Each structure stands twice: as C-alpha cells, then as structure tokens.
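S.K.: Sequence and predicted structure, then a few things I'm wondering about:
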Amino acid sequence: MTKVIGVRFRTAGKVYYFDPLDFQVKRDDHVIVETARGVEYGTVVGAPREVEDDKVVQPLKPVLRLATQRDDEQEAGNKKKEKDAFRICLEKIEKHGLDMKLIDAEYTFDNNKVLFYFTADGRIDFRELVKDLASVFKTRIELRQIGVRDETKILGGMGICGRELCCHSHLSEFIPVSIKMAKEQNLSLNPTKISGVCGRLMCCLKHEEETYEELNRKLPGIGDSVVTEDGLKGEVSGVNVLRQQVKVIVDVNDEKEIREYHADQLRFRKRHGRGRKNDNADEKELKELEKLEREEKKGGRSKLDD
C-alpha cells in the first residue's frame, strides 16, 4: 500500500497524487510540489490515504513543503500579474492581426513560464506572436489551443438549471456524452434543450444515466402488450420512469379505459439493456444531434492538464 494525497492546481481541475512524506497535511491545505511544468502551488482536495501500489503512477513525486505565508503571497502576486499578461497578449494579438480568441493567461508558480489559452477555428501561425511576448515577459511562452468545452470550463457560467456549470464547479474531467443518454431519460431531442453553454451535449446527461437504465429495465415500453394483476390484457400508453407507474389501455365491458398500474402489478417481457424508445425528434434535429455527438468524440479529453 502507498500513502498519497490528492492535489488540484485549478478550480475543478484534474486531481494529481503526491507522496505527503511526514508532513501533517489535511484537506484544503496548500502545498508546494514538483510537476512536469516545474514547481507548482496546489490545493489539497484528498486527505492522506492508503491506496494499492498498482493504482499509483510511478514514480510518485513527494510534497516539497507546506505552503508558507511567502508562498501564499507569491501565488496571489502571480494572479495579479496574469491579468496584466492577459491584457498585453490581447494587444499583441490585435497588432499581429491573428484570428484567435484569448481565453486565459496563467503563470507557473516559479514564473518559469507564462501560458496563454486560446480558441480558433483552425490552425494559427503564432510564431511571431510568441517572439513578441517573450521579449515583453522575458520568460518562456506557451500558447495552447483549446476547445469550446475547455473554454467554458475556464470561464464558467450558469446552466439552464440555474446552477453553476458542472465543468466549472466540480467535474475534474469531461465525461463522454451521447444521444442515447437523452433517449434513455425520455428527454426532448431538440438540440437547443440538451446542449450546454459550450454548444456540446450537456455533461449532466451522464449524471443520472445509470439510474434511468436500471429503472427502464423494470418497465415495459410504450406500445408493448401487458397483462395486469387483475387478468386484463392491454397496451402501454405511457410510463412514469421515476415513479415506476404505467398507463395501460384495457378493454372493460367492450369499452377502452386507461388505467394506471405500478410496474410490479404487470406481466410483460422484460428488457435487457435496451434503451427507451424516443422518436420525438425530426430528421433535421437528429442530424444536428449526431453532429454534436461526433464533435464530442473528436474533442477528446481536456487540454488544460497537458
């Protein structure tokens, strides 16, 4: 077993593991650690714990020290300098006439490098821009092109639910999302209703996917034939997934009635992992959704933690 702590370097960023050594580290402490980018200032999000040796990526780097007051002041100073760096980079982009949108500027803790994150429709030749920035900041410069999901993760915002965006508040990594998840939850397949601020399928479609899959397995589909506990044969006209209630059209005294039953009160052929039928989207909407799904797969993982 190996003792580790979890450390983040940005809000809702990826969690990295380090060896706490003999330091008395607790959650929300700040620590100084060595990373591939150099010495960094991070926040402890996972208290010390023991994990299996094969789950740790070796070599496990140690914590250099608990952050001191001087370290805290340096980090605060870096945040202030990032605002100036952002402003200067914007001016240089305009000067060079580059078709790119600057999203964020970031100093490494030791000021060994300044990173600029941007979005653009295609490839950008920013070699002259890098030279110009290097002459101003007198340090290494890195320009990193990111996607729309990373842009939204950095900038944040409010979702249609009225809450802070998942990617900006708590999601460490992007979760693959598909149209199937929306169908499983019987949501409208209108792209404007299941797309997030970034224009991609909403990350939160994944949150309740497993619950809906399990509940849907216990329900008949709309149009399926069922037999009720009182011996009536009928056809399913509607379902309430969360309440496990089913509306059934039955024949009673030569008249059709709609009666509501709990799923346990019905006999029917159980589904095995088959998604719910959801055909409430026209061909144009489905093509739009399929395009979003393709872009989702093409976008891949976040570029912020490279």
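M.R.: That came through fine.
S.K.: Tell me how far the nearest residue to A263 once chain neighbours are set aside lies from P220.
M.R.: Residue nearest to A263 in three dimensions, not counting chain neighbours: Q244, with 4.5 Å by Cβ to Cβ, 6 or more residues apart in numbering. Every C-beta, even on glycine, is put in place using the N, C-alpha and C of the backbone. From Q244 across to P220, the span is 11 Å (Cβ to Cβ, to the nearest Å).
S.K.: Give me the more crowded residue out of the two.
M.R.: When Q244 is set against P220 and neighbours are counted by other Cβ atoms under 10 Å, the residue ahead is P220, at 21 against 14.
S.K.: My read is that the more buried one contacts L266, right?
M.R.: Yes. Assessed by Cβ atoms under 8 Å, P220 is found in contact with L266 at 6.7 Å.
S.K.: what do those two both touch?
M.R.: Shared contacts of P220 and L266 (Cβ atoms under 8 Å, 6 or more residues apart in numbering): 226, 246.
S.K.: State the pLDDT value of D125.
M.R.: Here the pLDDT value assigned to D125 is 93.
S.K.: Repeat that for F174.
M.R.: Note for F174: predicted pLDDT of 86.
S.K.: can you give me phi and psi for F126?
M.R.: Backbone torsions of F126, given as degrees, to the nearest 10, read phi -110, psi 20.
S.K.: can you tell me which residues contact the residue nearest to A263?
M.R.: Each residue near Q244 by Cβ under 8 Å, 6+ apart is listed here: 215, 218-219, 262-264.
S.K.: Tell me which residues touch K61, please.
M.R.: Per Cβ under 8 Å, 6+ apart, neighbours of K61: 18-19, 33-35.
S.K.: need those residues in CSV with pLDDT, secondary structure and neighbour count, can you?
M.R.: Below are the contacts of K61 laid out as CSV (pLDDT from 0 to 100; DSSP: H, G, I helix; E, B strand; the rest coil; neighbours: other Cβ atoms under 10 Å):
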residue, pLDDT, secondary structure, neighbour count
F18, 94, strand, 22
D19, 93, strand, 17
V33, 95, strand, 20
E34, 92, strand, 14
T35, 90, strand, 15
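S.K.: which one among those residues gets closest to F9?
M.R.: Distance to F9, by Cβ to Cβ, is smallest for T35 among the contacts of K61, at 7.8 Å.
S.K.: Thought Y17 was touching that closest one, still the case?
M.R.: No. T35 is beyond contact range of Y17, at 11.6 Å (criterion: Cβ under 8 Å).
S.K.: ok, now how distant is the closest residue to T152 other than its chain neighbours from L155?
M.R.: Counting by Cβ to Cβ, 6+ apart, T152 lies nearest to C198, which is 4.0 Å off, once chain neighbours are set aside. Distance, C198 to L155, using Cβ to Cβ: 10 Å.
S.K.: In stretch 41-49, which residues are buried?
M.R.: Applying a neighbour-count criterion of 16 or more other Cβ atoms under 10 Å, one finds 41-44, 46, 48 buried in stretch 41-49.
S.K.: burial count for the residue nearest to T152?
M.R.: By other Cβ under 10 Å, 21 other residues sit near C198.
S.K.: cool, R259 as well?
M.R.: Neighbour count for R259, taken as other Cβ under 10 Å: 16.
S.K.: Likewise for the one 4 residues further on?
M.R.: Around A263 sit 18 other residues, with neighbours defined as other Cβ under 10 Å.
S.K.: again, but for L219
M.R.: A total of 21 residues lie near L219 under the criterion other Cβ under 10 Å.
S.K.: I'd like to check which residues are in contact with it.
M.R.: Contact analysis of L219 by Cβ under 8 Å, 6+ apart lists 239, 241, 244, 246, 263, 271.
S.K.: what's the longest strand in the protein?
M.R.: strand 38-51 (DSSP state E).
S.K.: That one - contacts with which helices or strands?
M.R.: strand 2-8, strand 16-18, strand 30-35, helix 69-96 (3 or more Cβ pairs under 8 Å, 6 or more residues apart in numbering; DSSP states H and E).
S.K.: S225: which of these is closest?
M.R.: Distance to S225, taken as Cβ to Cβ, is lowest for strand 2-8 among these, at 52.1 Å.
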